[in-house]
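**Student:** just to be clear, the model below is a prediction. Sequence and coordinates:
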Amino acid sequence: KEAVGRQYRLEFGFRSTPGETSQVRTRGYERESLMLTGDMSLIVVRYTVIYRISDLYTYIFEVKDQQETIRDVVQAVMRQLVGDYSMREVLTNFAPLQQKAHKEIQRTLQDVVPTGVEITEVAIKDPDVPPGAKEAFDRFNQTEPDVNAKLNEAKGLQEKAVGEAGESADIAIGRAKKQREEIVRNAQGEALA
């Protein structure tokens with residue numbers, strides 16, 4: 001007997017107490033949320049998937065251990081998708097990842113591993129860097145603007161130097177052309193004389 005109108009919730013990287021949104025436990029669930037991004041950086045992505053049963057027969061008779069099967073498929077899809085994004089993209093603009101995850105999880109749970117469920121929501125909750133790397137990441141974020149400013153300054157100096165060298169080259173070429181023309185005129189004058 002299953003409640004087909006009910007919405008089921010799976011949490012990854014944390015667990016919350018039903019009815020209390022302020023009580024969230026992350027200890028013991030770190031491995032679920034630790035992922036590798038496309039730029040080979042470790043990142044912590046906690047997320048929730050909400051689903052409902054859409055095909056009761058498939059859900060009950062064709063899927064063994066429904067919750068764990070759905071959990072495994074969701075984790076596999078999410079890890080693969082996070083691997084397609086850079087760490088910066090996941091940290092600053094995870095809405096596209098969230099939308100893509102919703103579509104891809106639904107497709108996988110419908111076509112690849114039919115489970116008889118419909119995904120109603122995928123919600124990523126504040127991705128972050130792992131605690132051990134937090135200090136280094138913060139230091140990097142503090143120094144990155146300085147490094148970018150120095151790179152921009154160096155590019156400006158390079159462009160200025162290239163421009164000045166181009167001007168000097170144009171002047172030297174102009175002088176050489178005038179000298180050549182003068183030599184040619186002198187040679188022509190001597191040849192006529």
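**Tutor:** On my side now, so go ahead.

**Student:** give the next helix or strand downstream of the helix or strand of the chain with the lowest mean pLDDT.
**Tutor:** The helix or strand of the chain with the poorest confidence is strand 20-25; it has a mean of 69 (mean pLDDT, DSSP states H and E). Next in sequence after strand 20-25, counting helices and strands by DSSP states H and E, comes helix 30-33.

**Student:** in that next one, what counts as buried?
**Tutor:** Within helix 30-33, the residues scored as buried using 16 or more other C-beta atoms under 10 Å are 32, 33. All C-beta atoms are positioned from the backbone trio N, CA, C, and that covers glycine.

**Student:** which helices and strands does that helix pack with?
**Tutor:** Here helix 30-33 is seen to pack against strand 42-53 when contacts are counted using 3 or more C-beta pairs under 8 Å, 6 or more residues apart in numbering; DSSP states H and E.

**Student:** quick one: mean pLDDT over the strand it packs on.
**Tutor:** Confidence for strand 42-53, expressed as mean pLDDT, is 94.

**Student:** kindly report the same for stretch 155-170.
**Tutor:** The pLDDT scores in stretch 155-170 average 86.

**Student:** could you do stretch 7-18 as well?
**Tutor:** On average, stretch 7-18 scores 89.

**Student:** check stretch 130-149 too.
**Tutor:** Mean pLDDT, computed over stretch 130-149, is 71.

**Student:** which residues are in contact with the helix or strand hosting residue 58?
**Tutor:** In the assignment (DSSP H and E), residue 58 maps to helix 56-61. Residues from elsewhere that reach helix 56-61 (C-beta atoms under 8 Å, 6 or more residues apart in numbering): 2, 4, 53, 66, 114, 115, 116, 117.

**Student:** flag every buried residue along the next helix-or-strand element following it.
**Tutor:** Once helix 56-61 ends, the next helix or strand along the chain (criterion: DSSP H and E) is helix 66-82. Across helix 66-82, burial judged by 16+ other C-beta under 10 Å covers 66, 69, 70, 71, 73, 74, 75, 77, 78, 81, 82.

**Student:** helix 66-82: what's the following helix or strand?
**Tutor:** Elements were assigned by DSSP H and E; along the chain past helix 66-82, the next helix or strand is helix 87-92.

**Student:** and for that following helix, what's in contact with it?
**Tutor:** 37, 39, 41, 43, 45, 82, 96, 97, 127, 128, 129.
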